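Peer 1: Just to be clear, the model below is a prediction. Sequence and coordinates:
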Amino acid sequence: MTGPDVQDPSPRYRVAVDIGGTFTDAVLRRGDGLVRSDKRLTTHGDLLEGFFAAVDGVLAKAGIAPADVDDTIVHATTIVTNAVVTRSGPPTALLVTEGFRDVLHIRDEHRYDMFDPQIEYADPLVPRARTFGISERVHADGNVDRPVEAAEVDILARQLNDANVESVAICLLNAYVNGTNERRLRDLLAERLPDLHVSLSSEVAPQIREYPRAATTVLNAYTQPIVAPYLERLSEVLAERGFSTAPLIMMSNGGVLGAATAGRFPVRMVESGPAAGALAASHLAERMGLDRMLSFDMGGTTAKACLIEERRPTVTGRFEVDRVYRFKAGSGFPILIPAIDMIEIGAGGGSIATVDNLGLLKVGPDSAGSEPGPACYARGGRAPTVTDADLVLGLLDAGHFLGGDMALDLRAAERAVDGLAERLGVARIEAARGVFRVVGESMAAAARAHATDRGLDYRGLPVLAFGGAGPAHACFVAELLDGDTVIYPPLASVLSAFGALITPLRYDLARGMAGPVDWDRAEAAMAAMEEEARAAMTAAGCPQDGMRFGHGADMRYAGQQNEVTVPFDGNPVAARDGAMLREAFETAYEAAYGLRLSDLAIEAVAWRVSAHGPGIAGETEPMTAAAPGGAKGKRPVHVRADGESVPVYDRAALSAGQALAGPAIIEERETTIFVMAGWRAEVRGDGCIVARREG
Amino acid sequence: MDGIALEILWSNLIGAVSEQARALQRIAFSPVVREAGDLACALLDRDGRMIAQAVTGTPGHINTLAAAGAHFVETFPPDGLAEGDVLVTNDPWLSAGHFFDITVLTPVFRKGRVIAFFGSTIHHTDIGGYGVGAGARDVHEEGLWIPRAKLYEAGEPNPLLHDIVRHNVRTPDEVMGDLAAQVSSGRVGAERLGILCDRHGLDDIDTLADEIISRSERAARDSIRRLAAGTYRGESRFDIPGGAEIVLKCALTVDSQAGDILVDFAGSSGASPHGVNVVLNYTHAYSAFAIRSTLDPELPNNHGSLKPIRVTAPEGSIVNAKYPAPVAARHVVGMYVPMPILKALHAVAPDRVVAEGAGAVWTMQIQGKDGRGEPFTSAMFNYSGGMGARRAKPGLGATCYPTGVAAVPVEVLEAAMPIEFTRKELLDGSGGAGRAPGGDGQVIGFRMRTRDPWLLNAVPSRLDAPAEGLEGGGSGRPGRFLVNGEPSARANKMTMAAGDEVLLETPGGGGFGAAN
C-alpha cells in the first residue's frame, strides 16, 4: 500500500468494485489521480459476471491490462444481505446450552409496537428442528461448571450429518466471558465432520445478551457457506485473469479485510456498500477541511444518512437487518458487529404519499419500489410517490430522466398527485409541495434523532448529497438542520465504489468482560486483540510500520444496563490508571447524556481495539469542463413561488470556479441537483459542486 | 392549519418526545426500564392534557401518565411554577397504581410562561416496604408514598425530598440515578421543543395542541361511529397467587351518535385482601388501550383519542380500589382488564380482536445474599405467556398482549446476581388449538447459587382458569408454578432454601376459529 504522505514515482493502479442490489459499479484510480468508472447491472445468478464486466470496463477505459493493477483491489458487496433476505443459505444448525433451544424464537419477548396487535417478526434463519441443546455450563463469572463431553458430540455429529447441515452456529450461555466450551465443541465437531462450517459466538460477537449474540452468530453461520466460496473463487479468477494482487473485502465498519478472514466473518460485511459510501463522505470531509458532515444518500425505497464526526463516520456496535414489518425497528434480526452508524428511513423516490385518518399527509414507509414504480414510470403504478411530486414540481424533466433513456409520464404523475390533493383539500401543486416538504422533514427528523441519540449537535452540519433522489432534496433538508452548505460530489452515482477505493485498512475487535475493572485480565484481553488484529492486517497486505492501534471500552456506571462506547486518548489499561479511565468514561457519558454521577462506581463490560492502516495520498483528477457552460434552458419549478422560472444546466458543461445563483437545476445522467433560491453553487477544481446559503 | 403544516409540526413533536424516551432508556439503572422497556414518556400541554407519547412504553404507564397531568396542574397551576421546577409523585390513585412507578413532570418555559410539560413514568428498582408482590395487607406496608411535590425548585434539588427517598429504599443509588435520568430526559425534551418553537416562530403550542387533540378526538369518534350501536358484554376469569378466582365482567356500550364507548365493570369481583387491587386510573388505561389498539392502532394516543372512552367500575371493586387497599402487584389483575373488553368487541370488530391470552406477565423479585455474604435486592424481572391468536395469524409465543415489555436477558440477570437459569424454552402445544392457534407459553427454570436462604416474590397467574379461544378456537393450557416439583404458588413472599429449584410454566394463549 501507498504510505499516507508519499507520492509514488510511477503511477500505480487501484480498483474498487461495489455490487449493489441493482447495479455493479467499478472505479479505477491511477496514483496520479486519473479516475475511470463503469456501471453494469448486477448479475444475481453469478455475481462475478457483473464484477468482471465492470472491471473490464474500467480497464479498457484506462487502456491497461489486469497485470497493470499493482495496488489494491477492494470489493464491497450486498451478497450477505441478499442471502438473508432471500433465505438462500444452506441448512444451518444452532447449538445452544441445553434448556435454551428457543432463543431465536422467544427473542426478548418484546412487542416492538405496543398498539399494533398484528405485528410480525422475521423468520429465524435456523428452524427449531435444527437447534440442538448441549449439556454444558459456564457461569457468569467465567467458571466452567460443566465441560462438553465427547460422547455427546458423537451423537450430535450423526444428527447434523443426517440433517444435511453444512454450517453450525454455536452460542452457549455466558460464552462472552469464557469461550472454552464453545471452542472444545468446535474441535470435537471438526474431528468428526471436517467439512462443516462452524461459527462461535465467542469469536463472532463476544458480548453479553444471549439473543442478539445468537442471532449474530447464526447470520454468520448461515451466510458463510455462500460467502467463503464466493470470495475464494473471486481470488482464483482474479489470479487466472492475470491480476497480481489479492482482493480486500469491505466491512460494515468501513475497514477492509483479506478474503480469507472476511470469509470466516461474513456477518461483518452486511452493510459493506453503504459503509463504503460513508467512507467516501469522510474522505471528502477531510479534503474540504470539514470536521463534521451529514452524508445523505436518498435512493428508490429508502434514505440513508450517516454522521461524519472529526472527519470519520460514527460507528455503532448494534444494528438490525431484514425488517419485515413496515420497516419497523424490532421486526428484524439484531446484529452485534461494529458497523458504520447509519440511519435508514423508508423515504425514497418511490415512497408513497397518503393521507391518514387524522387528515395528515404522510410519506412512506410503503414504497412503489421500481416495480411497478412511481406513477410517472407508467408501469402500472398509480399511487403518488416522491418522484411523482418532484416531476409535478418541475424538479425533474420528463424527457431527461436517466439522460433521456427513460421517458416519464407527466400526466400520470399529475393524476396521482391530484388524488392526494383532493383528499387534502388543496391544489395539485400544493399537494406536491407538501410531499416534498414532508419527506424532507422526516429525513431531517431522523437525522436530528440520530444525532441527539449520540450526544452530537446536528445544527449547521454540511450535507453531502448523493443517490438518485438525494441531490434534489438536500438543500431543503440542510435548511431544516440549520445548515448552510451542501456538497454534491463528482462520481456521485458510483460513490460507494469510490469510497471503497480510497479506504485505509481498519480492523475492530471487542471482548466482553463483566464486573469491576480487573487490570490483569483487561490487559491480557487488549494484548490478545492487538495480536489478532495485527495478524489480520498483515494478511491483508498492511505494512507493519504503517499500523496504528486505538483502544477503548464499553463502560457504564455499576448497576446500569446500557453502555457507552468510550474511545481512549491514551491507554488507561496499560497505564493502570483508574482516574484516567473514569475521566474518559465520564467525558463520553456527559457528552451523551449531560450528567455525571460522580459518587457511583464505574465498570467496563467490553474492551475494544481497533487497528488502522495508512490511507491513500494525492489528488483526484478534476472532472470539469474547460470553459464555463451556459444554461441549456429554463423551466418552471414550484417548490416555493408558483412557477418561478429556473435555469437548467448540464453538470458536465460546468467549469472549475463557475458559480451559479439559486434557484438553479443541474442535471446529471443519474440524478438532478436542485439549488434552492437563497443558495449559491460553485464548482470546485476537483469537480465537487458546493452550494452555500447566502445572507 | 392544513394537513401539511400540521404534519410537519406533529412529526417534530413526536421527534422531541421520542428523544426524551431514548435518552431515558439508555441512562436508566433499572433493568426493567433499560432491558424491558417498562417506561413511558409524554408531552403534555400546559393544561396537563397529553398531546404526544413516545413509541416505547406500556399501556399502564402511558395512559396513567396522561391522567396524572391533570392532577399535577390542579396542585401546581402552571403560572405558579418557576423555571427549573420539576414535579414528582408516586401516588397510586393519581398516577400509575402502585408506589414503584414514579412520575416526573418537567415544565417547559418560553418567554417566562409554561407552554408544556414533558412527563415520564418508570418502574423503579425499589420503593421500600414489601417489594413487588401481593403480600402486603394495606398500601402503607408497600413502601414510600410521595405526594405531589417539587423534586427540583428553580433548578435546585429539593434536599429534604431527596433525603427521604434515599433513606426509604433498599437500592438508593439506582433509585436516585433513575430519578436523575428522568429529570435529565425531561430537559432533553424541553430543549428540543424550544428549538422547534424557534424554527417555526411559535410563542406557545396552544393552537397546535388544540388542533392535534381535536383531530385525534374526531378520528377516534369517527372510528367508533362505524361500529353498530348497542351494549356488548364480555366476561373473563383467571386466578391469582393464592388461588382466588377473579371475574371481570364488562358491559361495553357503543354510542354511535356521540361516537363514544362506555365500559362498565359492574358485576366484577370485589376487592382482594392481597396487593392485586387496581385503581380506576389503571383500569381506564388498560381499557382504553384494548379499544384503541383494536379499532385504530395507528391513531396517535393522546388526550383527544382517549377522551371518547369512558370507564366506570363499582367503588371498592377489584378494578376501582379504594384507600387503603394494597396495590403493589396491581398489574396481575390490570393486564387482564383488556380480556373481557376484547370479547365484547368481538361482536362488532371480529377481524381485529385478539383472543384471550396468558394475561399478565409473571413478575419475580429476589432478595438474598451474594457469594461474599452481602445482601442484595434484585430488580423486578418478568416473563410472558402466549398471546391469543389473531383471526388471520397465530398468537405470538412467549409474548405478552396487552403490555409489550421485554424480558431481561438470562445473561444480564446471571451477571447481576447469583442466579442460575436451567431452562427457558417454549412449551410446545400450550397454545390453544385453532385455525389460527394461540401462542405457546414457556418453561423457565432457575435456582440460586447461594448457601443462604433467600426470598422469592413471585406473582404468577392463570394457574387454573385457561385463556379461552374465540369462534371455536381451543383454550390455552394454564400455567404451573413449581418449587422442587410441587405446585407452590402463594400470595406472600416465600422463604426459599439454598438448593430450591423453581420452575415456571407460563400459560398458553387461546386459539381463533376451530381447528380443521
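Peer 2: Nice, I can see it.
Peer 1: Mind checking what secondary structure the residue of the stretch 201-350 of chain B found nearest chain A has?
Peer 2: Of all residues in the stretch 201-350 of chain B, the one sitting closest to chain A is B:Pro297 (4.0 Å; C-beta to the nearest C-beta). Just so you know, the C-beta spots here come from the backbone N, C-alpha and C atoms, and that holds for glycine as well. Three-state secondary structure (criterion: DSSP: H, G, I helix; E, B strand; the rest coil) places B:Pro297 in coil.
Peer 1: Now for it, how many residues are close by?
Peer 2: The burial metric for B:Pro297, expressed as a neighbour count using other C-beta atoms under 10 Å in any protein chain shown, is 16.
Peer 1: Give me the pLDDT value at it.
Peer 2: B:Pro297 is assigned a pLDDT of 89 by the prediction.
Peer 1: That one contacts A:Asp116, correct?
Peer 2: Yes: with contact defined as C-beta atoms under 8 Å, B:Pro297 and A:Asp116 form a contacting pair (4.4 Å).
Peer 1: still on that earlier bit, who's in contact with the residue of the stretch 201-350 of chain B closest to chain A?
Peer 2: For B:Pro297, the contacting residues are A:Asp113, A:Phe115, A:Asp116, A:Pro117, A:Gln118, by C-beta atoms under 8 Å, 6 or more residues apart in numbering or on different chains.
Peer 1: quick one: it and B:Val405, what's the gap?
Peer 2: Using C-beta to C-beta, to the nearest Å, we find B:Pro297 at a distance of 18 Å from B:Val405.
Peer 1: before we move on, what about A:Arg576?
Peer 2: Distance check for A:Arg576 against B:Val405: by C-beta to C-beta, it reads 41 Å.
Peer 1: between the two, who's got more neighbours?
Peer 2: The residue with more neighbours, out of A:Arg576 and B:Val405 and counting by other C-beta under 10 Å, is B:Val405; that gives 29 against 14.
Peer 1: so who does the more buried one touch?
Peer 2: With the criterion set at C-beta under 8 Å, 6+ apart, B:Val405 makes contact with A:Glu109, A:His110, B:Val32, B:Ala36, B:Gly37, B:Asp38, B:Thr58, B:Val361, B:Asn382.
Peer 1: Ramachandran angles for A:Gly45?
Peer 2: In terms of degrees, to the nearest 10, the main-chain angles of A:Gly45 are phi -60, psi -50.
Peer 1: Model confidence for it, exactly?
Peer 2: Model confidence at A:Gly45, given as pLDDT, is 85.
Peer 1: Not counting its neighbours along the chain, what's nearest A:Val138?
Peer 2: By the measure of C-beta to C-beta, 6 or more residues apart in numbering or on different chains, the closest residue to A:Val138 outside its immediate chain neighbours is A:Asn174, 4.5 Å from it.
Peer 1: Write out the residues of the stretch 151-300 of chain A neighbouring chain B.
Peer 2: Contacts of the stretch 151-300 of chain A with chain B, taken as C-beta under 8 Å from any C-beta of the partner chain, map to A:Leu173, A:Asn174, A:Tyr176, A:Ile208, A:Arg209, A:Glu210, A:Tyr211.
Peer 1: and the first one, what is it in contact with?
Peer 2: It refers to A:Leu173. Taking C-beta under 8 Å, 6+ apart as the definition of contact, the neighbours of A:Leu173 are A:Val96, A:Thr97, A:Phe100, A:Arg137, A:Val138, A:Glu210, B:Val410, B:Glu411, B:Glu414, B:Phe421.
Peer 1: lowest confidence element among the helices and strands of chain B?
Peer 2: helix B:31-34 (a mean of 78; mean pLDDT, DSSP states H and E).
Peer 1: and for the following helix or strand past that one, what are the contacting residues?
Peer 2: Past helix B:31-34, heading to the C-terminal end, the next element that is a helix or strand (DSSP states H and E) is strand B:39-45. By C-beta under 8 Å, 6+ apart, the residues outside strand B:39-45 that reach it are B:13, B:16-18, B:20-21, B:24-25, B:28, B:33, B:50-54, B:56-58, B:61-62, B:65-66, B:69, B:105, B:115-123, B:185, B:189, B:193, B:205-206, B:209, B:213.
Peer 1: what helix or strand is the residue with the largest distance to the centre of chain A on?
Peer 2: The C-alpha centroid of chain A is most remote from A:Ala151, which lies 43.7 Å away (C-alpha atoms, centre = their mean). The secondary structure element spanning A:Ala151 is helix A:150-162 (assigned by DSSP H and E).
Peer 1: So for that helix, what gets flagged as buried?
Peer 2: A:Glu152, A:Val153, A:Leu156, A:Ala157, A:Leu160 (16 or more other C-beta atoms under 10 Å in any protein chain shown).
Peer 1: I'd like to know which elements whichever helix or strand comes after it is packed against.
Peer 2: Note on helix A:150-162: by DSSP H and E, the next helix or strand toward the C-terminus is strand A:167-171. Secondary structure elements in contact with strand A:167-171, counted by 3 or more C-beta pairs under 8 Å, 6 or more residues apart in numbering or on different chains; DSSP states H and E, are strand A:92-97, helix A:180-192, strand A:197-200, helix A:201-204, helix A:210-240.
Peer 1: Export these as JSON lines, with columns for mean pLDDT and mean neighbour count.
Peer 2: JSON lines is the format used below for the helices and strands packed on strand A:167-171 (pLDDT from 0 to 100; neighbours: other C-beta atoms under 10 Å in any protein chain shown):
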{"stretch": "strand A:92-97", "mean pLDDT": "98", "mean neighbour count": "26"}
{"stretch": "helix A:180-192", "mean pLDDT": "97", "mean neighbour count": "18"}
{"stretch": "strand A:197-200", "mean pLDDT": "98", "mean neighbour count": "24"}
{"stretch": "helix A:201-204", "mean pLDDT": "92", "mean neighbour count": "25"}
{"stretch": "helix A:210-240", "mean pLDDT": "96", "mean neighbour count": "22"}
